[in-house]
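# The following block contains a protein sequence and its predicted model.
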Amino acid sequence: MADMSDEEREKTIAEEAAGWVARLSSRDATDEDRRRFAHWKAKDLAHAAAFKEMSILWRDLAQVPKSVAPHRGRRVAGAGVAGLLLLGCLGYMADETGVIDRYRSDFHTPVGMIGRFALDDGSIVTLNTDSAIQVKYDQTRRQIILLRGEAFFDVAPNPARPFVVSGERTEAIALGTHYAVKVGRHDEVMVEEGHVAVTFGSQRAVLEAGGMAELDDHGRLRTRTGDVAGLTSWRSGKLVFSGQPLGEVLAELDRYHRGRIVVLDDRASGLRVSGVFGAGNIDQVLRALEQSLPIRITRLAGWVTLVRSR
């Protein structure tokens, strides 16, 4: 792994750890498997840490309600097939649950929680639900890598060491400011105070207070103005919506909710929603929406929430 970047190395270790969890969890794991695993684990402290994270993930998967777990039926023949199925499940769930991002991170928050953290330079970062960052400071710049989710930064000024937040495809360079960066389908930057230079390849935009930038599906950096205070109201535990389609609202609520929220028809998805809701109790928000809109909500074993029009 000598020629790998830190990110590539971490991903490789996480994948190897998932493979070992899969192999050792199979019924026909051999003494030779266990000997080879012990050798792998002893080679690097990072191996042991990654295996622990993946083992916790597998334990959590085992607790998924049976009514939504895959039907086992006949026992799968062949440990190799079973191992591949388990590894695929681990890989998918690791991405969905963010376990690899949390393993790689310096600071992270679980689903439904918001965290505020002080950085070494005096800057403050507030992480939204299910978010994770890496901190890479050196003598020339202060870099934050947003691995998942959304973060708001109160940046301590230091012209000699620029403060740079790297999203999935963009970089947002603070010019002494307060701003938010969000990753997901698209990178998005929102400025509450000061100025931020957003770059993607040769494209560059400087945002002022109230300015927003987003990378579209065609790789173009789009800028606009918006209600940044409302869009970042999650910092105080509030979610603000103003005439937004229910589908978009539920996608946002889903970020704060364990399990999945699924809209079953376009009519329900297109209903407009306005209001201020608490981020700490999504079930209560769903009940309020059901009372005020022509929709019906069905919960399956506490894990999947279905929303349909009446």
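Received it, and whenever you're ready, just let me know what you need.
# helices or strands up against the host helix or strand of residue 306?
Assigned by DSSP states H and E, residue 306 falls within strand 304-309. Contacting strand 304-309 under the criterion 3 or more Cβ pairs under 8 Å, 6 or more residues apart in numbering; DSSP states H and E are the following elements: strand 260-263, helix 266-269, strand 295-300. Yep, even glycine has a C-beta here, placed from its N, CA and C like the rest.
# any idea of the angle that strand forms with strand 295-300?
In this structure, strand 304-309 runs at an angle of 160 degrees to strand 295-300, with axes from the mean of the first three to the mean of the last three Cα atoms, to 10 degrees as the basis.
# Can you list the low-confidence ranges for the stretch 1-150 of the chain?
Low-confidence segments of the stretch 1-150 of the chain, defined by pLDDT under 70, span residues 1-5, 7, 22, 26-28, 57-98.
# For it, which segments count as helices?
Under the criterion DSSP state H, counting those that start in this stretch, the stretch 1-150 of the chain carries helices at the ranges 6-25, 31-43, 45-62, 79-97, 99-104.
# The longest one: how far from the chain's middle?
When you say that, I think you mean helix 6-25. Relative to its chain's centre, helix 6-25 lies at 19 Å (Cα atoms, centre = their mean, to the nearest Å).
# mind checking the end-to-end distance for stretch 200-208?
In stretch 200-208, first residue to last residue: 18 Å (Cα to Cα, to the nearest Å).
# Now it: average pLDDT?
Averaged across stretch 200-208, pLDDT comes to 93.
# residues making contact with it?
Identification of contacts with stretch 200-208 by Cβ atoms under 8 Å, 6 or more residues apart in numbering yields 169-171, 175, 179, 187, 189, 191, 195-198, 213, 215, 219-221, 223.
# are any of these buried, and which?
By neighbour count, with 16 or more other Cβ atoms under 10 Å, those hold 170-171, 175, 179, 187, 189, 191, 195-198, 213, 215, 221 as buried.
# Of all pairs in those residues, which one spans the longest distance?
Between all members of the buried ones among the contacts of stretch 200-208, the longest pairwise span (Cβ to Cβ) is found for 175 and 215 and amounts to 20.1 Å.
# that older thread, sort out for me which of the contacts of stretch 200-208 are in strands.
The members of the contacts of stretch 200-208 that map onto strands under DSSP state E are 171, 179, 189, 191, 196, 197, 198, 213, 215, 221, 223.
# Dump the residues you listed into CSV; add distance to residue 162 as well.
Shown next, in CSV, are the ones in strands among the contacts of stretch 200-208 (distance: Cβ to Cβ, whole Å):
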residue, distance to residue 162
171, 10
179, 14
189, 15
191, 16
196, 11
197, 9
198, 13
213, 17
215, 21
221, 19
223, 21
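# and the least confident of the residues you listed?
When the ones in strands among the contacts of stretch 200-208 are compared on pLDDT, residue 215 comes out lowest, with 90.
# What residues does that one make contact with?
The contact partners of residue 215, taken as Cβ under 8 Å, 6+ apart, are 169, 170, 186, 187, 188, 200, 221, 222.
# Spell out the secondary structure type for residue 230.
The local conformation at residue 230, judged by DSSP: H, G, I helix; E, B strand; the rest coil, is helix.
# count of neighbours near the closest residue in space to it that isn't next to it in sequence?
Beyond its immediate neighbours in the sequence, the residue positioned closest to residue 230 (Cβ to Cβ, 6 or more residues apart in numbering) is residue 240, lying 4.3 Å away. Residues contacting residue 240 under the criterion other Cβ atoms under 10 Å number 16.
# I'd say residue 240 and residue 233 touch.
Yes: proximity of residue 240 to residue 233 meets the contact threshold set by Cβ atoms under 8 Å, at 4.8 Å.
# Find the residues that touch each one of the two.
With Cβ under 8 Å, 6+ apart applied, the overlap between the contact sets of residue 240 and residue 233 consists of residue 276.
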